[in-house]
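> With the sequence up front, the predicted model follows.
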Amino acid sequence: DVKVTQSSRYLVKRTGEKVFLECVQDMDHENMFWYRQDPGLGLRLIYFSYDVKMKEKGDIPEGYSVSREKKERFSLILESASTNQTSMYLCASSFIGQGYFDEQFFGPGTRLTVL
Amino acid sequence: GENVEQHPSTLSVQEGDSAVIKCTYSDSASNYFPWYKQELGKRPQLIIDIRSNVGEKKDQRIAVTLNKTAKHFSLHITETQPEDSAVYFCAASIKSGGSYIPTFGRGTSLIVHP
């Protein structure tokens, strides 16, 4: 059974703080993704990684960075948190399939509030 | 316009009715089209997917159809039940830079009234 875990379910930070969100998967998936989910906007891709130390920008990378030092772990970093980054953050992983990504398995999400 | 458009944003049906959610996409090279269901407070989970070499796929009460020429695909749920109430997301592989990335629609909130 695939398991994707995220370091926190709820997080409250202050404007300007550096924030780390961590995601771990146990299925040896090549691909890992970070999304933010906001009401009415669906799931928007921030960054993804298809291999260790590799990263690609998604649709909304501004204000975020990522790190993938090990295959099972993908971190999202907010260098200087701002109130407009208050959101639900979802991590996902998948094998590389025929379409460059296959079924995605999501983590439980981290609800981040920036005050 | 958006790379993946999804309609309607809200769908309200009576138990036992059918529900149809439609998505259109922009990239004619897209070849993988999954549908995810997200129940309240839970993570999205894949319910059905289709690849570009297939026109239709069915799994019990759920079916997905794909029209590559028109660049649209649809989710069909028959004999809806209250437990089908959730937000449904379509997605397509859209080229961005040198990579294909999963791009989601904005979601459809399905409400099934008992």
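That came in fine, so what should we check first?

> now residue 45, which residues is it bridged with?
The chain I'm using is chain A. In this entry, A:Leu45 is beta-bridged to A:Tyr35, by DSSP bridges.

> Can you look at chain B instead?
Beta bridges link B:Gln45 to B:Lys37 when assigned by DSSP bridges.

> Could you do the one 5 residues further on as well?
In this structure, B:Ile50 bridges to B:Phe33 when assessed by DSSP bridges.

> same check, this time on B:His72
When assigned by DSSP bridges, B:His72 has beta-bridge partners B:Thr24, B:Asn67.

> ditto for B:Pro102
For B:Pro102, the beta-bridge partners under DSSP bridges are B:Ser93.

> what's the pLDDT at the residue in chain B that chain A sits nearest to?
Among all residues of chain B, B:Tyr32 sits closest to chain A, at 3.2 Å; criterion: CB to the nearest CB. Where you see a C-beta, it was placed from the backbone N, CA and C, and this is true even at glycine. pLDDT recorded at B:Tyr32 is 88.

> Same question for A:Gly109.
Looking at A:Gly109, its pLDDT stands at 97.

> pLDDT weak spots in chain A?
Residues of chain A meeting the criterion pLDDT under 70: A:1-2, A:97-101.

> what residues are up against the residue nearest to B:Ser30 when sequence neighbours are not counted?
Excluding the flanking residues, the one nearest B:Ser30 by CB to CB, 6 or more residues apart in numbering or on different chains is B:Ala92, at 4.5 Å. Shown in contact with B:Ala92 (CB atoms under 8 Å, 6 or more residues apart in numbering or on different chains): B:3-4, B:23, B:25, B:27, B:30, B:32-33, B:73, B:102-103.

> cool, B:Ile50 as well?
So B:Ile50 contacts B:33, B:56-57, B:64-66, B:73 (CB under 8 Å, 6+ apart).

> how does it look with 7 Å?
B:33, B:57, B:64, B:66, B:73 (CB atoms under 7 Å, 6 or more residues apart in numbering or on different chains).

> With neighbour count added, can I get these in CSV?
Putting those into CSV (neighbours: other CB atoms under 10 Å in any protein chain shown) gives the following:
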residue, neighbour count
B:Phe33, 26
B:Lys57, 15
B:Val64, 24
B:Leu66, 21
B:Phe73, 25
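
> Tell me who's in contact with B:Ile111.
Counting by CB under 7 Å, 6+ apart, B:Ile111 touches B:12, B:85.

> Could you do B:Ser18 as well?
Counted by CB under 7 Å, 6+ apart, B:Ser18 has contacts B:76-78, B:80.

> Those residues of chain B touching chain A, which are they?
B:31-32, B:34, B:43-44, B:46, B:49, B:51, B:89, B:93, B:97, B:99-102, B:104-107 (CB under 7 Å from any CB of the partner chain).

> could you flag which of those are buried?
Buried by 16 or more other CB atoms under 10 Å in any protein chain shown: B:31-32, B:34, B:43-44, B:46, B:49, B:89, B:93, B:100-102, B:104-107, out of the residues of chain B next to chain A.

> can you give me the strands for chain B?
Taking DSSP state E as the test, the strands found in chain B are B:4-7, B:10-14, B:19-25, B:32-38, B:45-51, B:56-59, B:62-67, B:72-77, B:86-96, B:99-104, B:108-113.
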